[in-house]
Structures are given as C-alpha cells and as structure tokens.
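> no sequence on this one, just coordinates:
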RNA sequence: GCCCCGGUGGCUUAGCCGGCAAAGCGACGGUCUUGUAAACCGUAGAUCGCGGGUUCGAAUCCCGCCCGGGGCUCCA
C-alpha cells in the first residue's frame, strides 16, 4: 500500500466520469468539500491482498500517527491509483478503504472517503509546513511483531516508605499528600506522574549565563550549547568524577567509538529505526551514504564486542565510554541545560554471564551512582520500573538499595516485559521549581546481547548470550543544570566546593596589600585550591559585592591589620559569617570539604584585571 | 511539532494607541587610597532579533521567519 498524506487548508473534488472499475455510488459521494484536514491519497497494491487485515490496521496506524503530528482529526480518504504500478484488485481495494475508514472512525476521527474507480477533478491547498506533505509505504510481507505493543501491559504503582513498608499508590493529590512525606518524592510524583501547574522559568537558565558557565549559540542548532571556561571546568570535573567511578572504583576499561554511523548498517538501523525522525542526518559530499550522528552510547560498543572473543573467565566485562550523543528533540521540549539536542553521556556497560551476576552488578552500580548524587548535593527521588515476576523475587534487594540511599522509592510494576530490560531505576533530580529530570539510570538488559550477537564461551565450550547491565550517571549538561538548580534552593546559593570555579577569592584592601595577597594566594594554590585575586581599583564594598554575586564560597580580605597579624579575614558563604584565621586553617577547611573529589586548576588568570568578561 | 508569552548598547530595563532611541550597571579614561553587597567626574558603545508590508514617517501597526520561556506531546 502506498500513502501520500497532505495537510491541507482546503480540499474539494467532483467526479467527472466512470473508469472500468468504478464502484456504484450515491450522489453524496460525487462531490465533496473539506476545510482544514489531512488528505490521504491511497493506493492498494496486489501485495496487500496477502493480509488485508494487516493492511487495514497499518494503513490506519500510519494515518493516525501523521494526523497526530499535524494535530487534526479530519481525514479525507482518496483512492488514487497513480502511486503504484502494481495495483490490487477492486474488491481488495474497496475492502481496505472501508476498513481504514471504519478503523479511523472508531478512533473518533471525522473521516470522509471519495469514490473509488471514478475520474475526478480535485482542488487542494496544502499548508506547506514540513510535516504537511508525507508519503508512507506499507509492505504486508514485512509484517513485524510490532503488535507486541498492542498487547495490554499493565502498570501498577507502589510506594516503598523509608521503613520498608509497601503501599499501593493512588495517583491523586490527596493520596500523595497523605502518604508521601519525602519532599523530593512528592515533587517527582506531582511533576511526572500526575502533571501539575504551569511552572516558572527555572532560575538556572539565567544563572548559567550570568555565572559564565554555559550559553546559547544562535549560530548552531537550538539545544547545542557553548561552555565558557568556568562551565568547561565544571563539566571536566564531573567527567573526571564519572571516570573515577567507572575506571578506578568499578574497574571498567575505557574506549572510544565514532560519532558518525552508517544508517545502512542493519544493527544501527535496528536500534534507531523507531526514532529516526529524531536523528541528525549527515550528508557526505559523495551523497551516496546515509550517515547519522550518534544518538546513543551503545552501538559502537556493541559492534566492538560482537567481534570480540569473550570467555566466561573475562566476565563480568566492564566498559566505559564518555561521548557526545545527538538527538533532534522537538523544539518545544528543549529547556536550558535540562534537555538539549547535543549532550555528553558517560556510559558504563557490564557484560555478565547470567541474570544473577547481572543483578549483582546492577546493585553495585546503584550504590556508586548514589554516592555520586550525594557528592553533588542535589535533591533527587528514586524511581524503579520493574517487571512483575522479577519484582516479586527481588523485592528485598530493591528495598536494600533504597535503604542504602536512605530514601523512599516509587515503583512502577509492569505486568509483562515491554522493553529490553527486566528492571531499571532512575534518579530523578528535582528543580528549584519542583520540576523533575532523569539523571542516573541502570538497566538490566536480557534481550540485546542476543539481538546483537554478543556472546561468550561457557566452561563447556558453548556460545551463550550475555546479560547486559546498561548504566549512565546521566548527561553532564543535565547534572550542571541540576546542580545550579539545587543552589537556588538555598538562601545563599552555592555550588559544591569541589565544583565551584573560584574556591577562594582574595581581596586586598588597598594596593599596598597586593603583594601580601599574592603570597596568600600562592600558599593556597600550592595546596590545590582554586584561588584568584581581585586586584581591581574598586573599593572593598564593591569587590565583596562582586564576589558574592559569583557565589564564591570563601572571600578572603587582607589589609594592613591582617598583614600585621600574618592572618587572613574570611567571609564564609555557607555559614554566613566573617572570621579571622591563619591561611593554613582555610586550607585545611577547603581540603576537608573537597577530599577525595577530583581537582583541576582554575582555567582563568589569577588576577581579575587580566580576565575578559564573557557575559555582561 | 502544536498552543500561549517574550526579544531595545555587553547586562538589566524604559519607550510600544506612529514623530530626534532613554537610564542604571558594566567597559574605557581620570579623581579618590579605600575595611565587608553598588565612591565621584567624564568618554565610547544600538542595523530596536531577521526579512517584507502599511505610512510623508515604524522600536511602536500588519505578515512571514529566527531565537528564548511556559504548557501539551516526547525523552530509545
């Protein structure tokens, strides 16, 4: 079957003469007119006769999809022989046309159909927007098991309280307010599962620019950001930390695979086909190849392992990759650094012998990611999605993980397996405006290894598919978003000290104190503290104001008094006080706070007078 | 993608029922030699998001597009 779908402002036709295959028609079919709506030119081909029911079903499905995209429920079905040279019989064609019409009517469409087998004149004015002219092809011989989705898979929701008690969730405000105490969890349920009130612009969107972290780039595509030196530093530190977890703590091997993939490769296609409209396409100069930008982390790795020789002795096999991925998200779905079209994903994949080894890996990863979330000081809720059978057998372990996090859990239990995983969870970060966004996730995949031919040799010498544990801490961009959002929840916003660009700023009271300021600065720098010096000619009040606006956690004032005492005066942001101490005390203070966390130098001149302003 | 709102020096904004584009911050130059969130004086800096239309005349009114925010949808 071939379909040509046109979103029209206006359409009308009138029959002119009979063809040999004309159906008998009433007067009302001889002439019709429609305003805004979807005009579907439809050609039934001989192939369709092999499975008329499927042809009807998938024809209607395609029309439904397109009409949803262009947001209309008005459809004109117009039999049109000229799209194919391999026409089906008159009987099949009419049967299919009527079937599609019926199917659409069942779904509340306002459907009209025009006469089959007549010469007609028609007039059409199409809307001309990108989705207004589409064509579809349906080949019943390629019928796939897509209908699986049609099977009713039911979801039940449970809430596991911090004390381990399990309640069945009613998704309404009253129930949640009565039973859920945890604020992050409440925010998650209202924002994601119930959907709530219009919210404000998340304050991080303004802050990311003002603090010279990240910014929009009009010369790129929406959702592709530029990062200023400070933002780049924060991203690098998060990446260092993610690598630390993956490689040093978890024992993963780091790899790199390409950003661009060949769409004609069956495994790439297989993984991406249902989302192809959301892929950036790449057109090389020879125009022969169809390439796509990497849209997920897995397939470069999967291909690598497909060609690898893996013994049971090598398992669990853990691989780490940090890479940009690209998804052409709908324009209206983009929001600051929360949802972008280009994002940096650190992925850990663990290839294991069987379900129980996979499940062990899962729990390890869960704990690592939980540690990370704690170090970034963000607010988050834990959500599990799990297949019923697996849940019943492993409830105790899920409760154990929740108690490791010291948090309640929201559990979606699926009656049957719907996706490739049997269990997954998400850490849902909560905005200062109470919105949610998915951060870390771990997924226990029982399907893909076989699908992509990733096997290992067992003790007995047999080939067997792996169980794969997919996981990611979540995109670096989104972490930055959440960390800034979290800062806005405080009375005095502050980034975690290990991530904050300037950890201590030294303010000389007058020019005479500048060399002392540098002396202190060097002492701090030697101990891996990111420090800068405000050597501008402004008065002290103004220097302090500037430092406070930059959320600098330690503002160090040095004047004649301090020079005489060989001390420093420290304004501590978090404690909101001012205290005289020795430089060594401050060093100890900051080193304590940033212990075990990655360190990088400040990628900016120490003297403020040497620095450009990237944003006014 | 659809619906609603917005875009004026680097930043924050005023002007918007048409009539010379304003102010503060910041930058730069000078004065002041400074003690915990904005010292003083001066200078430069604007194709009013882009394109078209209406008009003697458009930042202002109309149309199209781009960019941003909210909602819907979506998130492999």
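Good, I have the coordinates. Since we're looking at a predicted model, the values are computed, not measured.

> alpha carbons only for contacts and neighbour counts from here, please
Noted.

> pretty sure residue A:161 contacts residue A:406?
No: assessed by CA atoms under 8 Å, residue A:161 is found out of contact with residue A:406, at 10.0 Å.

> more neighbours, these two?
residue A:161 (21 against 13; other CA atoms under 10 Å).

> Grab the nearest non-local neighbour of the more buried one.
In this structure, residue A:161 finds its nearest non-sequential neighbour in residue A:408, 4.8 Å apart by CA to CA, 6 or more residues apart in numbering.

> Can you mark which positions in the longest helix along chain A are buried?
The residue-count maximum for a helix in chain A (DSSP state H) belongs to helix A:355-375. For helix A:355-375, the neighbour count (16 or more other CA atoms under 10 Å) marks A:355, A:357-359, A:361-362, A:365-366, A:368-370, A:372-373 as buried.

> Now do that helix: distance to the chain's middle.
Relative to its parent chain, helix A:355-375 has a centroid offset of 20 Å by CA atoms, centre = their mean, to the nearest Å.

> hmm, who's touching it?
Helix A:355-375 is contacted by residues A:245, A:316, A:350-352, A:401, A:404-405, A:440, A:442-444, A:446, A:467-469, A:471, A:473, A:496 when judged by CA atoms under 8 Å, 6 or more residues apart in numbering.

> Got the domain ranges for chain A?
As assigned by automatic domain parsing, chain A contains the domains A:2-143, A:155-259+A:295-485, A:260-293, A:504-610.

> now the ones you listed as CSV including mean pLDDT?
What follows is the domains of chain A, written out as CSV (pLDDT from 0 to 100):
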stretch, mean pLDDT
domain A:2-143, 83
domain A:155-259+A:295-485, 94
domain A:260-293, 89
domain A:504-610, 96
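
> What residues does the stretch 201-350 of chain A have near RNA strand B?
Neighbours of RNA strand B within the stretch 201-350 of chain A, by CA under 7 Å from any atom of the strand: A:201-202, A:205, A:216, A:218, A:221-223, A:271-272, A:274-276, A:278-279, A:295-296, A:327-336.

> Could you tell me which of those residues belong to helices?
Using DSSP H, the members of those that fall in helices are A:205, A:271, A:272.

> Show me which of these is closest to residue A:427.
When those are ranked by distance to residue A:427 (CA to CA), residue A:205 comes first, at 21.5 Å.

> count of neighbours near that closest one?
19.

> swap in residue A:39?
28.

> If it is in a bridge, with which residues?
Beta-bridge pairing for residue A:39 (DSSP bridges): residue A:6, residue A:76.

> Surely it touches residue A:10?
No: applying CA under 8 Å, one finds residue A:39 not in contact with residue A:10, separated by 9.3 Å.

> how about the closest residue in space to residue A:303 that isn't next to it in sequence, what does it touch?
In space, and not counting its chain neighbours, residue A:303 is closest to residue A:452: 7.8 Å by CA to CA, 6+ apart. Contact partners of residue A:452, counting by CA under 8 Å, 6+ apart, are A:267, A:302, A:303, A:306.

> Mind checking which of the residues you listed land in strands?
Among these, no member falls in strands (DSSP state E).

> Tell me the one of the residues you listed nearest residue A:561?
residue A:302 (64.5 Å).

> Pretty sure that closest one sits against residue A:450.
No: at 10.9 Å, residue A:302 and residue A:450 do not qualify as touching, with contact defined as CA under 8 Å.

> The two: which is more packed in?
A direct count of neighbours by other CA under 10 Å for residue A:302 and residue A:450 places residue A:302 higher, at 18 against 14.

> quick one: contacts for that one?
By CA under 8 Å, 6+ apart, the contact list for residue A:302 reads A:452, A:454.

> The residue in the stretch 401-550 of chain A that RNA strand B sits nearest to: how many residues sit nearby?
In the stretch 401-550 of chain A, the residue that lies nearest RNA strand B is residue A:545 (3.3 Å; CA to the nearest atom of the strand). When neighbours are counted by other CA under 10 Å, residue A:545 registers 11.

> Let me know whether my guess that it is in a helix holds.
Yes: the assignment for residue A:545 by DSSP: H, G, I helix; E, B strand; the rest coil puts it in a helix.

> Check the gap between it and residue A:233 for me.
Distance of residue A:545 to residue A:233, computed by CA to CA, to the nearest Å: 23 Å.

> what's the burial count for residue A:313?
12.

> For it, give me the backbone phi and psi.
According to degrees, to the nearest 10, the main-chain angles of residue A:313 amount to phi -70, psi -20.

> so what's residue A:171 up against?
A:193, A:194.

> same question, residue A:78
A:39, A:40, A:41, A:42, A:113, A:114, A:115, A:116.

> Skipping adjacent residues, who's closest to it in space?
In space, and not counting its chain neighbours, residue A:78 is closest to residue A:41: 4.8 Å by CA to CA, 6+ apart.

> Check residue A:611 too.
The nearest residue in space to residue A:611 (CA to CA, 6+ apart) is residue A:605, at 6.1 Å.
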